[in-house]
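Q: A predicted structure for the sequence below; I have some questions about it.
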Number of protein chains: 2
Amino acid sequence: MKLYFSPLACSLAARITLHEVGASEVALVEVDPKTKRTRPDGVDFTTIHPLALVPALELDDGGLLTENAAILQYLAERFGEGRLAPEDALGRARLQQWLGFIGTELHKALFVPLLDKQASKEARAYALAKEESRLGYVDRALAGREHLLDRFSVADAYLFAILNWTAVTPVSLRRYRALADYHARLRDRPSVARAFGEERTLYAKELARRGLSFIVGESGSRS
Amino acid sequence: MKLYFSPLACSLAARITLHEVGASEVALVEVDPKTKRTRPDGVDFTTIHPLALVPALELDDGGLLTENAAILQYLAERFGEGRLAPEDALGRARLQQWLGFIGTELHKALFVPLLDKQASKEARAYALAKEESRLGYVDRALAGREHLLDRFSVADAYLFAILNWTAVTPVSLRRYRALADYHARLRDRPSVARAFGEERTLYAKELARRGLSFIVGESGSRS
């Protein structure tokens, strides 16, 4: 099994999940987000996934699974033994609710235009207008809680990956106290710290290949 | 159990699902998308769901389940007896992949800005720039197939609800032959025809309350 990722993209959530469950049999294949080629082999990633989006998971039968929510749930079920995703009907529904919210309202509607250097000022303003209602909603949900569900799940891994992007967008977590505390807490979780550290290193190398420096301090970012 | 919906919003997918499985014990509660009040009772929907988004499903225990992908999978599991959602791990992953793609790439990234009268010209242009890659991707996936998966699933119900919105946006299905055929085929499916007919009637009434006419012909639309 192979997981295609780009450093500090939302595919970070899958790396966290793999570390969390100790699934060392999944190979991690880096995709350069500018050239859309794998590293170090230089394979054109659009021949693997026509939309060239990460994460993408090559399954044992050679098929390709895409979409973060699907990949995270698949990895949790395949390797997690019930630790990273609830197994009862209502628990699964609550997990899917958070994966859906993070994917649609936060990732796509809020952060993608803010991270996209091609997006116009107006497209960015349109996205930013939804910040307060969406982040405020998660902030209130996390007040007095340690995780989105009763314990750490793949939804937390996804939300952590998204919240890192605040470091390079106009979104600040300072206004969302429960969310900021949650983000800081997760960063200390061993699987998260390890995954984040690995991808920060790869991200710095990616920037160096383009003659840029890694200047975003504690958090890196990526669409 | 109560399903909060607005006529021809993405909650149409849940109505199709309920008709498909014959789950008559779920009450359908209309939310006027302008006033954010239920009909006919006039309850402020933001007191039920702070983001006032439909669909929202009030569960037997009084809890509220939100997010279309979560609600559709929950309804399929609760009432569908395996008919509307695969039950094996890979089948579920493929379903979640399509629900994720439809929710993030089509619903949120492409259609929401196009349906939003408050969106600037530039925000709409930013969304529209993704049309060809995203709809082209689904079009190619549907070539020679009747459904997204091997048989009708809740992902088809969701995609049908989204494709209706082409009637009132600059997106035309004419360029996507397999997708256009799929949309036309689904419209003849009994559960879909019934749900679509019911919501067209309610949508016409909603427009009439605002002094507008229902002029979009065969398809209605809604964010």
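A: Done, it's in.

Q: From residue B:196, how far off is residue A:103?
A: 27 Å (Cβ to Cβ, to the nearest Å). In this view, the C-beta of every residue, glycine as well, is placed from N, C-alpha and C.

Q: scratch that, residue A:195 is what I was asking about
A: From residue A:195 to residue B:196 the distance is 45 Å (Cβ to Cβ).

Q: can you check residue A:94 too?
A: The spacing between residue A:94 and residue B:196, counted by Cβ to Cβ, is 30 Å.

Q: Quick check: buried residues in the top strand by length along chain A?
A: Ranked by number of residues, the top strand in chain A under DSSP state E is strand A:27-32. Of the residues in strand A:27-32, those with enough neighbours to count as buried (16 or more other Cβ atoms under 10 Å in any protein chain shown) are A:28-32.

Q: and the helix or strand just after it, what other elements does it pack with?
A: Later in the chain than strand A:27-32, the nearest helix or strand by DSSP states H and E is strand A:37-39. If you count contacts as 3 or more Cβ pairs under 8 Å, 6 or more residues apart in numbering or on different chains; DSSP states H and E, strand A:37-39 packs onto strand A:27-32.

Q: outside of the helix ranked longest in chain A, which residues touch it?
A: Counting residues, the longest helix found in chain A (DSSP state H) is helix A:190-209. Around helix A:190-209, the neighbours that count as contacts under Cβ atoms under 8 Å, 6 or more residues apart in numbering or on different chains are A:5-8, A:12, A:15-16, A:19-20, A:30, A:32-33, A:157, A:160, A:164, A:186-187, A:213-214, A:220, A:222.

Q: at 6 Å instead, please
A: For helix A:190-209, the external contacting residues (Cβ atoms under 6 Å, 6 or more residues apart in numbering or on different chains) are A:7-8, A:12, A:15-16, A:19-20, A:160, A:186, A:214, A:220.

Q: Name the nearest of those relative to chain B.
A: residue A:12 (16.9 Å; Cβ to the nearest Cβ).

Q: mind checking which helix or strand the nearest residue to that closest one once chain neighbours are set aside is in?
A: Counting by Cβ to Cβ, 6 or more residues apart in numbering or on different chains, residue A:12 lies nearest to residue A:161, which is 4.1 Å off, once chain neighbours are set aside. Using DSSP H and E, residue A:161 maps to helix A:154-163.

Q: what's the burial count for the closest residue to residue A:159 other than its chain neighbours?
A: Spatial nearest neighbour of residue A:159, excluding adjacent residues (Cβ to Cβ, 6+ apart): residue A:102 at 5.4 Å. Counted with other Cβ atoms under 10 Å in any protein chain shown, residues neighbouring residue A:102 total 27.
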